[in-house]
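# below are the sequence and a predicted model; questions follow.
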Amino acid sequence: MTIQEGRERFIQSWGALGTSWGINRTMAQIHALLLVSPKALCADEIMEALQISRGNANMNLRALMDWGLVYKELKTGERREFFAAEKDMWQVVRNIILNRKKKELEPTLKVLDELSSVEGNDPETQEFTRIIKDIKLFSNKADSLLDSLTKADPNWLMGSFIKMIK
């Protein structure tokens with residue numbers, strides 16, 4: 001396999017994986033392209049490499065910057081903007097966790113808090129309240145775990161993970 005074939009395969013695979021993170025395929029493919037690029041790329045280079053429109057490239061680059069996965073790089077004498085990916089995989093995973101937590105878990109916790117105030121003594125209400133309480137307990141534990149995970153030292157985390165799978 002050539003380096004070009006490897007890059008293309010990685011970009012396609014990362015694009016498919018991105019949909020599991022809750023982002024669209026093109027956004028993940030742009031991220032993948034920037035991850036494996038040895039230098040920052042301008043929007044035109046990204047558009048050409050992935051065969052996408054300027055609007056699609058710009059919209060997804062802004063979203064990647066919002067997620068903290070891509071940043072702008074300024075080059076002396078250049079008027080164009082260049083983009084580079086965060087290449088520290090711990091930071092990439094951390095940013096993905098934080099964004100997914102903010103986008104998915106926090107709104108769910110808010111709804112569960114509101115649902116906790118359902119009133120009534122009938123069996124249906126009691127069962128509903130019990131289920132909501134169990135989901136809320138689990139969700140709060142997941143929230144705490146994700147907080148701990150994002151604050152953990154990467155070396156400690158990897159050591160703990162390796163011990164756990166042995």
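Perfect, I can see it now.
# can we go C-alpha only for contacts and neighbour counts from here?
Fine.
# isn't residue 126 right up against residue 118?
No. Under the criterion of C-alpha atoms under 8 Å, residue 126 makes no contact with residue 118, lying 9.3 Å away.
# who touches both of these two?
Common neighbours of residue 126 and residue 118 are not found (criterion: C-alpha atoms under 8 Å, 6 or more residues apart in numbering).
# so which elements touch the top helix by length along the chain?
For the chain, the helix with the greatest residue count under DSSP state H is helix 123-151. For helix 123-151, the packing partners by 3 or more C-alpha pairs under 8 Å, 6 or more residues apart in numbering; DSSP states H and E come out as helix 89-100, helix 106-115.
# so how far is residue 20 from the residue nearest the centre of the chain?
Nearest to the mean C-alpha position of the chain, counting by C-alpha atoms, centre = their mean, stands residue 96 at 2.6 Å. As judged by C-alpha to C-alpha, to the nearest Å, residue 96 and residue 20 stand 11 Å apart.
# can you check residue 40 too?
Noted for residue 40: a distance of 26 Å to residue 20, by C-alpha to C-alpha.
# among the two, which residue is more densely surrounded?
Comparing residue 40 with residue 20 by other C-alpha atoms under 10 Å, the one with more neighbours is residue 40, at 19 against 11.
# verify the stated contact: that one with residue 86.
No. Using C-alpha under 8 Å, residue 40 makes no contact with residue 86, being 10.9 Å away.
# count of residues packed around residue 76?
Neighbours of residue 76 under the rule other C-alpha under 10 Å: 6.
# is it true that the residue nearest to the centre of the chain touches residue 70?
No. Between residue 96 and residue 70 there is no contact under C-alpha under 8 Å: 11.9 Å.
# done for today, thanks.
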